[in-house]
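fold the following and give me the result.
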Amino acid sequence: MTCNVTVLDVPGPPEAPVDPKEIRKDYMIIHWKVPKDDGGSDIKHYIVEKQDQENMRWVPCGDTRQLFMKVDGLIEEHDYLFRIRAVNAQGEGESLIGPKEPVTARDPFKLPGKPGKPFADDWDVDRIDLKWDPPRSDGGSAIKMWIIEKKSKFGLWEKAAECPGPQPKGSVRGLTEGEEYVFRIIAVNEAGAGEPSDPSDPITAEARYVKPEIDTSAMQDMVVCAGNRINYTVPIKGAPKPKVTWKIKNKVVYSDEHYDVMVQRRQTVIDIAFSKRYDAGVYTLEVSNELGTATARANVTVLDRPAPPEAPLKLSGVTSNSCNLAWGASPDDGGSPITHYAIEKMDLSRGSWVEAEITTELKVTIRSLIHKKEYLMRVMAVNAIGQSDPLPLDKSFIARNEGDVPEAPGRPEAYDWDRTFIDLTWNKPLNDGGCAIEGYIIQMKVKGSTSWRECTKITRDINKGRADDLTDQEYYFFRIVAWNSAGQSEPGPPSDAIQARPRYLAPKILTPLKDVNVKAGNNFTIDVEYLGSPDPNVDWFVDGSPLVSDERTTVSAIAPITTFHIVNCKRSDTGDIVIKLVNESGSDKGGFYFNILDVPGPPTGPIEFEDIDSNSVTISWRPPKDNGGSEITGYVIEKKDLDHAGGWVPAVNYV
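Down below sits the predicted model:
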């Protein structure tokens, strides 16, 4: 007889290996095999646990009757082990732990790269079709979708459309006509959405083909004053993008330091910050593309000061109080009619311009001149904006009649003289007044007097003459008056004081000279009057040596006085002072003793002792070598006791 004995137990561990499949960043599916020993009863299910290698804790994942299980809740880039236990009617069996090496939770592919910058392939008033280059890397998974984001000029990024992959193109609809947008593209694969592309250039939702148009209301005629701004900001349309050209007086204008030309999508601008007269004219705007051309025009008037009157400024009819001026019309009125011409004059002795006359004609007579004044003239054209730059007279003129009195002669100088006459010469007048000079009058006045009188009249044009009947040694001033058929000139400038004296006279010292005593430390001055003609050379000597000026001594000679001055006199300044005068007619000299008084020098030794007894002694000595400039009046004698610590004390009060 045969029988089967079945021993029931828990199952053995599942068969290796633990095989992870379909690994992703947050889940994976693990597989295993049935245990070799089911413990004598059927396997009811399997218990699965996971261990994160970061914390090493076993965490239940669930149970399953299959030989595989999807384990969720994984953390990306964490490493995991799994253990599986089979369960039968007797209980849980031993565990199978695997795989051999921890498996990392990560997707088998990456996010796609950044797509290329999108551009418009086609467009209309409410849509824009875009194309772009695919990313360099799809992350290992085919691009399954494209996300198109849009942003208006002042808006935020927002999703505009989703397009199926992998073709890199898409369309955005529902746009606002005339609105400007930028777009960017995001690639999406199994790993998710990648990095956005660089944004597109601004793209406007508009018709793709538009014939050029110009808003002519922005091209109105303009009148400005020179220096003010000229600006036309003109709305335009056109697609494809039109060519825009600005012209002034049919000459194309480009941006430079004077003109600023700008072309934008929907408008164009020409701007002149500081207009000039030459900016006036017809401004033309042309906008063109393959569908046609639009044109607009405006006339610009620039008002400015007129141009200067046409040269030359002609002078005629000069008199003592008037003159005539004539000129040509201003070649440019500055865009505003010339209202009049302004004439200004300058008296050169004053140096400032003043208004002389205004006129609407091209000539004028100026009647406000002053006789013998020298003038400059200029004329300016005037319109409503202002006055032109001046047209000047090419040279100055003097207000005088054609036959006028001469100008004043020059300052007279003496070229010969004696006790009763002085011969004079002078420069002739620079201008004879238009008539020949007929003669001169010599006027004179005595030094100290205020009245001039005529002393000589010369009846021919010779610039020298003699003043007679003068007083010997008297000083005189002279001046000259020229005269012609029109009358006498103004007196010329007066001469320096000139003395009537012999032309040739031996020198003579006039001041009596006496010996001088001066106390040391004091100052001393002596003025010595002399005569002589020509003026003699004056020399001072002390003890035979020349006396020259230094820091304490000053010697000067200005006829008829010579001066000796010394400060802080010293005993060494003592000596015989001699003055010598020499000219071609002879010589003279005089002198005095210059004595500086000071204390005497010490007596001369040795001291001799005689008649010595118990209470007296007789002493003798020689007088000082220098008595200080005056006689010695006495001596003071002092004594000193050498046996005691005393000083010098008087022995005899006065000897």
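
pull the number of nearby residues for the nearest residue to Phe109 once chain neighbours are set aside.
In space, and not counting its chain neighbours, Phe109 is closest to Gly140: 3.2 Å by CB to CB, 6 or more residues apart in numbering. For every residue, glycine as well, the C-beta is placed using N, CA and C. Around Gly140 there are 14 other residues, counting by other CB atoms under 10 Å.

any low-confidence regions in the stretch 551-655 of the chain?
653-655 (pLDDT under 70).

spell out the residue ranges of the strands in it.
Ranges of strands within the stretch 551-655 of the chain are 553-558, 561-566, 575-583, 586-597, 604-610, 618-622, 637-639, 649-652, based on DSSP state E, counting those that start in this stretch.

surely the residue nearest to Phe109 is in contact with Gly113?
No - applying CB atoms under 8 Å as the test, Gly140 and Gly113 come out as separate, 11.2 Å apart.

quick one: secondary structure of the residue nearest to Phe109?
coil (DSSP: H, G, I helix; E, B strand; the rest coil).

so who does it touch?
108-110, 189, 191 (CB atoms under 8 Å, 6 or more residues apart in numbering).

distance check, it against Leu81.
Per CB to CB, to the nearest Å, Gly140 is found 26 Å from Leu81.

with Cys323 instead?
Counting by CB to CB, the gap from Cys323 to Leu81 is 122 Å.

same question for Leu376.
Counting by CB to CB - Leu376 and Leu81 are separated by 113 Å.

how about Ala120?
55 Å.

higher neighbour count, these two?
Comparing Ala120 with Leu81 by other CB under 10 Å, the one with more neighbours is Leu81, at 19 against 16.

can you pull the contacts of the spatially closest residue to the more buried one that is not a sequence neighbour?
Counting by CB to CB, 6+ apart, Gln51 is the residue found nearest to Leu81 once chain neighbours are left out, at 4.6 Å. Residues counted as contacts of Gln51 (CB under 8 Å, 6+ apart) are 57-59, 80-83.

please tell me which one of those residues counts the most neighbours.
Phe82 (24 neighbours).

pairing partners for the helix or strand harbouring that residue, with directions?
In this assignment (DSSP states H and E), Phe82 forms part of strand 79-88. Counting by DSSP bridges, the strands paired with strand 79-88 are strand 45-52 (antiparallel), strand 91-104 (antiparallel).

does Ala482 touch Lys428 like I think?
Yes - the pair Ala482 / Lys428 is scored as a contact, 7.5 Å apart, by CB under 8 Å.

of those two, who's got more company?
Using other CB under 10 Å as the criterion, Ala482 and Lys428 rank with Ala482 on top: 27 against 17.

out of the contacts of Gln51, which one sits closest to Arg208?
Tyr80 (57.2 Å; CB to CB).

now do the closest one, the pLDDT please.
Looking at Tyr80, its pLDDT stands at 93.

the one 10 residues further on too?
On pLDDT, Gln90 comes in at 88.

circling back to that earlier point, mutual contacts of Ala482 and Lys428, please.
409, 437.

quick revisit: among the contacts of Gly140, which two are most distant?
Pro108 and Asn189 (11.5 Å).

what about the two, which has more around it?
Neighbour count, other CB under 10 Å: between Pro108 and Asn189, Asn189 has more, with 24 against 12.

how near is the more buried one to Ser320?
109 Å.

and for Tyr635?
To Ser320, Tyr635 is 93 Å away according to CB to CB.

of the two, who's got more company?
Taking neighbours as other CB under 10 Å, Tyr635 and Ser320 compare with Ser320 leading, 16 against 13.

just say helix, strand or coil for the more buried one.
Per three-state DSSP, Ser320 ends up coil.

test my guess that it contacts Arg367.
No - counting by CB under 8 Å, Arg367 is not a contact partner of Ser320; they are 11.2 Å apart.

Asp423 - nearest residue in space that isn't next to it in sequence?
Asp416 (4.0 Å).

just the element for the one you found, please.
strand 413-417.

for Gln167, see how far away Ile128 is.
17 Å.

my bad, Ala356
For Ala356 relative to Gln167 (CB to CB), the value is 90 Å.

over to Pro134?
Pro134 sits 9 Å away from Gln167, taking CB to CB as the criterion.

redo the strands of the stretch 551-655 of the chain as TSV? Include distance to Ser396 and mean neighbour count.
Shown next, in TSV, are these (distance: least, CB to CB, whole Å; neighbours: other CB atoms under 10 Å):
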stretch	distance to Ser396	mean neighbour count
strand 553-558	42	15
strand 561-566	47	18
strand 575-583	49	18
strand 586-597	56	16
strand 604-610	86	9
strand 618-622	89	12
strand 637-639	91	12
strand 649-652	92	11
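
where along the stretch 201-350 of the chain do the strands fall?
203-204, 210-214, 222-225, 230-239, 243-248, 251-252, 260-263, 267-272, 281-289, 292-303, 310-316, 323-328, 340-347.

which one of these lies nearest to Pro602?
strand 340-347 (80.7 Å).

got the contact list for the nearest residue to Val269 once chain neighbours are set aside?
Leaving aside its chain neighbours, Val269 sits nearest to Met262 (4.4 Å; criterion: CB to CB, 6+ apart). Met262 is in contact with 255, 268-271, counting by CB under 8 Å, 6+ apart.

please repeat the previous calculation with a cut-off of 10 Å.
233, 244, 246, 255, 268-271 (CB atoms under 10 Å, 6 or more residues apart in numbering).

Tyr593 now?
Per CB under 10 Å, 6+ apart, neighbours of Tyr593: 513-517, 574-577.

same thing with Ile214?
Per CB under 10 Å, 6+ apart, neighbours of Ile214: 234-238, 242, 244, 268, 285-287, 293-296.

same deal with Phe183?
117-120, 128, 130, 132, 148-151, 157, 160-161, 170, 172, 197, 199-203.

how many residues are close by Leu393?
21.

for it, phi and psi?
phi -70, psi 140 (degrees, to the nearest 10).

quick check: closest non-adjacent residue to it.
Met377 (4.3 Å).

looks to me like that neighbour is in a helix.
No - read with three-state DSSP, Met377 is strand and lies in no helix.

thinking again about what came up before, output the strands of the stretch 551-655 of the chain in CSV; the columns should cover distance to Glu101.
Shown next, in CSV, are these (distance: least, CB to CB, whole Å):
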stretch, distance to Glu101
strand 553-558, 122
strand 561-566, 125
strand 575-583, 132
strand 586-597, 130
strand 604-610, 134
strand 618-622, 138
strand 637-639, 132
strand 649-652, 132
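
ok, which of those comes nearest Thr459?
Across the strands of the stretch 551-655 of the chain (criterion: CB to CB), the nearest stretch is strand 575-583, sitting at 37.3 Å.

quick one: Val103 from Glu310, how far?
103 Å.

same drill for those two, tell me which one is more crowded.
Val103 (20 against 14).

hmm, the more buried one is touching Asp79, no?
Yes - using CB atoms under 10 Å, Val103 is in contact with Asp79, at 7.0 Å.

quick check: end-to-end length of stretch 446-455?
12 Å (CA to CA, to the nearest Å).

tell me how far it lies from the chain's centre.
Its chain's C-alpha centre and that of stretch 446-455 lie 61 Å apart, by CA atoms, centre = their mean, to the nearest Å.

for the strands of the stretch 551-655 of the chain, which one sits closest to Met444?
strand 553-558 (23.4 Å).

show me what that closest one is packed against.
In this structure, strand 553-558 makes packing contacts with strand 524-533, strand 537-542, strand 561-566, strand 575-583, judged by 3 or more CB pairs under 10 Å, 6 or more residues apart in numbering; DSSP states H and E.

format those strands as TSV; extra columns: distance to Ile498.
Converted to TSV, the helices and strands packed on strand 553-558 look like this (distance: least, CB to CB, whole Å):
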stretch	distance to Ile498
strand 524-533	12
strand 537-542	21
strand 561-566	17
strand 575-583	18
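
and Lys44, which of these is closest to it?
Closest to Lys44 of these, according to CB to CB: strand 561-566, at 148.3 Å.
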